[in-house]
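K.L.:
Please find the sequence and the predicted model below.
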Amino acid sequence: EKDTLILAIESSCDETAASVVKNGRCVLSNIISSQIAIHTLYGGVVPEIASRKHIEKINQVVEAALKEADVTLDDIDAIGVTYGPGLVGALLVGVAEAKAIAYAKKKPLVGVHHIEGHVSANYIEHPDLEPPFLCEIISGGHTHLVIVKDYGSFEILGRTRDDAAGEAFDKVARAIGLGYPGGPKIDKLAKEGNPHAIDFPRAHMEDAPYDFSFSGVKSAVLNHLNKCRMTGEPIVEADIAASFQQAVVDVLVDNAIRAAKDYHMDRLAIAGGVASNGALRAAMEAACEKEGIRFYRPSPIFCTDNAAMIGVAAYYEYRKGTRHGWDLNAVPNLKL
Ligand code: KG4
Ligand code: ZN
């Protein structure tokens, strides 16, 4: 049977990315042009700058993805693109690029939900993984606990009430002077700290047992810093990083394992930028092993934003018959 090649484009936040994926699981190229260097100057993603940088890079990134995969646009079966959720101006660049290529080359256009992309990152390196399974998606914009019922079909068990987990990492990192993006920096600094030095709160919602809330732990860090400044108690950044990280990891592991047991799921996957966190990966792996649950996680490069995961999701949507028209638009708050 003939191979199916997807050219995928991702531009929802601050990475301009393109990838060619063969038969849904084989990544032929994965090009990521990061804008982190410029946003770091402002302490976070500046939407206007993100859009402009995407426009500057998108053609080069697509060309590089085709070249690395050693294919031309004529070989491609469909164009996949993230159309939401994300920054509207950033998303629009990828959507316009995908539509232009699809129109010019008369190829099918397949819009992809960014979170479906994150979940699909798990298929790249785990050929045995197929729905149904439980997945915790933990990124800068989202924290969701879902049952993946089928490719592209989700039952949402829980979500964050306020900040996303990655957002909390970024805000705490900024508060202790680590800069943007905070997740990887806290991950690194926490290795030198004591995770039990400070007892930060672990939020549990009585009425919604799989929901998350991370604004409380973030505020507790800010309060701790203020208290230290007022009393002259030394501020030990490594201990704060390690203790904060431990509080977040405990909640992420606890909710996921409880859901797996309650719903009799024997496979658990994690996805999204925070899924590359070393402490989380180790804690989740240990908890899964203890409970006899099979644990899946993408390599860090497929956890943070990339187009390969969008290509995988687009492949399964394409096979289901999903096609979008020339009226496909960016949807910044697209629902799962
Ligand atoms: O999935 P992603 O690249 O973009 C979104 O869809 O939001 O996730 C980015 C988020 C940021 O908040 C970043 O600080 C966090 O993931 N992150 C991490 C780590 N690497 C990235 N958080 C904790 N530990 C890490 N190693
Ligand atoms: Zn993402």
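P.N.:
On my side now, so go ahead. Numbering: from 1, shown residues only. Ligands and ions are numbered 1, 2, ... in the order given.
K.L.:
neighbours of the closest residue to ligand 2 within the stretch 1-150 of the chain, just the number please.
P.N.:
Nearest residue of the stretch 1-150 of the chain to ligand 2 (C-beta to the ion) works out as Ser139 at 4.4 Å. Where C-beta positions appear, they are placed from N, C-alpha and C, glycine not excepted. By other C-beta atoms under 10 Å, 24 other residues sit near Ser139.
K.L.:
so it touches Gly272, yeah?
P.N.:
Yes - Ser139 is within contact range of Gly272, at 3.3 Å (criterion: C-beta atoms under 8 Å).
K.L.:
overlap in contacts of these two?
P.N.:
Counting by C-beta atoms under 8 Å, 6 or more residues apart in numbering, the residues touching both Ser139 and Gly272 are His118, Gly166.
K.L.:
Okay, buried residues for stretch 174-181 please.
P.N.:
Neighbour-count burial for stretch 174-181 flags Arg174, Ala175, Ile176, Leu178, Tyr180, Pro181 (criterion: 16 or more other C-beta atoms under 10 Å).
K.L.:
For the stretch 101-250 of the chain, what lies in contact range of ligand 1?
P.N.:
Listed as neighbours of ligand 1 in the stretch 101-250 of the chain under the rule C-beta under 6 Å from any ligand atom: Ser139, Gly140, Gly141, Gly166, Glu167, Phe169, Asp170, Pro181, Gly182, Gly183, Pro184, Asp187.
K.L.:
So which of the residues you listed wins on neighbours?
P.N.:
Most crowded among these, counting by other C-beta under 10 Å, is Phe169 at 30 neighbours.
K.L.:
For Asp150, see how far away that residue is.
P.N.:
31 Å (C-beta to C-beta, to the nearest Å).
K.L.:
hang on, Val81 in a strand?
P.N.:
Yes - checked against DSSP: H, G, I helix; E, B strand; the rest coil, Val81 lies within a strand.
K.L.:
Scan this protein for its longest helix.
P.N.:
helix 237-262 (DSSP state H).
K.L.:
gap between it and the chain center?
P.N.:
The chain centroid and the centroid of helix 237-262 are separated by 17 Å, computed with C-alpha atoms, centre = their mean, to the nearest Å.
K.L.:
Indicate each strand paired with the very next helix or strand once past that helix and its parallel or antiparallel sense.
P.N.:
Moving toward the C-terminus from helix 237-262, the next helix or strand (DSSP states H and E) is strand 267-271. Taking DSSP bridges as the criterion, strand 267-271 sits next to strand 133-138 (parallel), strand 294-296 (parallel) in its sheet.
K.L.:
now strand 267-271: mean pLDDT?
P.N.:
Mean pLDDT, strand 267-271: 98.
K.L.:
Then stretch 53-65?
P.N.:
What stretch 53-65 shows for mean pLDDT is 98.
K.L.:
now stretch 5-15
P.N.:
On average, stretch 5-15 scores 97.
K.L.:
Equivalent analysis for stretch 128-137, please.
P.N.:
Per-residue scores along stretch 128-137 average to 98.
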